[in-house]
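Novice: build me a model:
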Amino acid sequence: MEQAENLRNLPDLDATAKLAAELAAVVRPGDVVALSGELGSGKTTFARALIAALADRFHVPREEVPSPTFTLVQTYDFPGISVWHFDLYRLKNPEEALELGIEDAFAVALSLIEWPERLGSLLPPVRLDLRFEYAGPDARLVRLVGTGNWAARLEGMARHG
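Specialist: Numbering: from 1, shown residues only. Have a look, this model is predicted:
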C-alpha cells in the first residue's frame, strides 16, 4: 500500500492551527485521522483546531469543542461533511468502539480518533496518522504518515505547507 510521511515542527499554537487549516482543506467524508501521543501531547488541541478550521472553511460559526474524554465521541455537522471526534482512552477493548457507531463514522464522516491504538484491528488501514511528541514546553513535533489515498494528499500538503 502506498505511504507518504513528513515531520512538522509545531513551535506554538499558531503553527498547530496552521497545520489544522491545511488538513481542513483536504479532508472529506470517509477519512480517518488517527491522533496518537502521550497524555497532554496535543491531540485534543489539534482536534479542536481542525474543527475550528472546518467551521472557517464552511463559513459557519465556531462551536465549543469539548474533549470527548467522558462522552467518548462528539459529533459536528458542517455542509457536506460530519466530524466524529473520538477519545478512546477509556476503552477496555476494541469492541466497545462498535457501540459508539465507529463503523458508521468510518463510512460517512471524518473520523478524528484520539488513542487509535485502542481499536486494534478495527483501525482502518487507509488513514492519516499524526503522532505528537513533546519538543519543548509549548512546542511539539508531529509525524504525519498517510497510507492509501492519503499518501498523495499528504505529499500535496507538504509542497504547499
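
Novice: for the closest residue to S82 other than its chain neighbours, what are its contacts?
Specialist: Distance criterion Cβ to Cβ, 6 or more residues apart in numbering; nearest residue to S82, sequence neighbours excluded, is A109 at 4.2 Å. Just so you know, the C-beta spots here come from the backbone N, C-alpha and C atoms, and that holds for glycine as well. By Cβ atoms under 8 Å, 6 or more residues apart in numbering, the contact set of A109 is P29, G30, T75, I81, S82, V83, W84.

Novice: contacting residues around L130?
Specialist: Per Cβ under 8 Å, 6+ apart, neighbours of L130: V33, A34, L35, S36, K43, F46, V142, R143, L144.

Novice: apply 7 Å and report the result again.
Specialist: L130 makes contacts with V33, L35, F46, V142, L144, as judged by Cβ atoms under 7 Å, 6 or more residues apart in numbering.

Novice: same list (those) but as CSV, adding neighbour count, secondary structure and distance to E63.
Specialist: Converted to CSV, the contacts of L130 look like this (neighbours: other Cβ atoms under 10 Å; DSSP: H, G, I helix; E, B strand; the rest coil; distance: Cβ to Cβ, whole Å):
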residue, neighbour count, secondary structure, distance to E63
V33, 23, strand, 18
L35, 26, strand, 19
F46, 25, helix, 16
V142, 24, strand, 24
L144, 21, strand, 25
